[in-house]
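Participant: Got a predicted structure here, sequence first:
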Amino acid sequence: MSDTFPANGAATDAQPAGPTFSLDKLYVKDVSFEVPGAPQVFALDIPGQPQLQMNLAQSVQRLGEAAFEVQLGITVTCTAEDKTLYLAEVQQAGLFTLAGFDPQTLDAVLGTMCPATLYPYARQTIGDLIQAGGFPPFLMQPLNFEGLYAENLRQRAAQQQGAGTLGDGTETAGNA
């Protein structure tokens, strides 16, 4: 894309040709860190490695014609011997402008590119919370959001195949 220059030499705003994607605002919407057994948990002699469980959640809210809020929720729970050592939760959000996409591509961008953009910030916040809570660093590995999105599409397709319709238009769920 090239800018056009009028006779006075100033650049004019050229309209982008094709789809546009921009991150307009990045923010932490909610954050929580809990150590239910503190301070006794720091004196525990834990044999072996603690168990870590990470859960992801994503939500999208359309705010306007091309404006979207995307939230990526991450919860990390660390347990040992049926005791919760800590629980860290972050809702990382961003305001995105997405224009010029067909509906299928828009869904894919919201399900892959947007959470992939938010993930490094959420990962940093989770890591900082865990360390500030007095625990060893926890390095969250990169995630394949395209693979997660593809799995989500497969699950949606399976749900749609599992739902049938009766002659009167009433939907039923079950196996065919």
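Facilitator: Yep, it's here. Model, not experiment: these values are computed from the prediction. Residues are numbered from 1 along each chain as shown.
Participant: what's L118 in contact with, if anything?
Facilitator: Neighbouring residues of L118 by Cβ atoms under 8 Å, 6 or more residues apart in numbering: 26, 70-72, 92-94. (C-beta placed from N, C-alpha, C; glycine too.)
Participant: if we go to 6 Å?
Facilitator: 72, 92, 94 (Cβ atoms under 6 Å, 6 or more residues apart in numbering).
Participant: Name the secondary structure element that contains L139.
Facilitator: In the assignment (DSSP states H and E), L139 maps to no helix and no strand.
Participant: For it, which non-adjacent residue is closest in space?
Facilitator: G127 (6.8 Å; Cβ to Cβ, 6 or more residues apart in numbering).
Participant: Count the neighbours of the one you found for me.
Facilitator: Using other Cβ atoms under 10 Å, the number of residues around G127 comes to 16.
Participant: cool, and A93?
Facilitator: Neighbours of A93 (other Cβ under 10 Å): 22.
Participant: if we can go back for a sec, report the rounded mean pLDDT for the helix or strand where the residue nearest to L139 lies.
Facilitator: Using DSSP H and E, G127 sits within helix 113-132. Confidence over helix 113-132 (mean pLDDT, whole number) is 97.
Participant: Buried residues, it. List them.
Facilitator: If you call a residue buried by 16 or more other Cβ atoms under 10 Å, then helix 113-132 has these buried ones: 113-119, 121-123, 125-127, 129-130.
Participant: go on, stretch 152-163?
Facilitator: Applying 16+ other Cβ under 10 Å to stretch 152-163 flags no residue as buried.
Participant: Equivalent analysis for stretch 47-60, please.
Facilitator: 50, 58.
Participant: Quick check: T112 vs T75, distance?
Facilitator: In this view, T112 and T75 are 21 Å apart by Cβ to Cβ, to the nearest Å.
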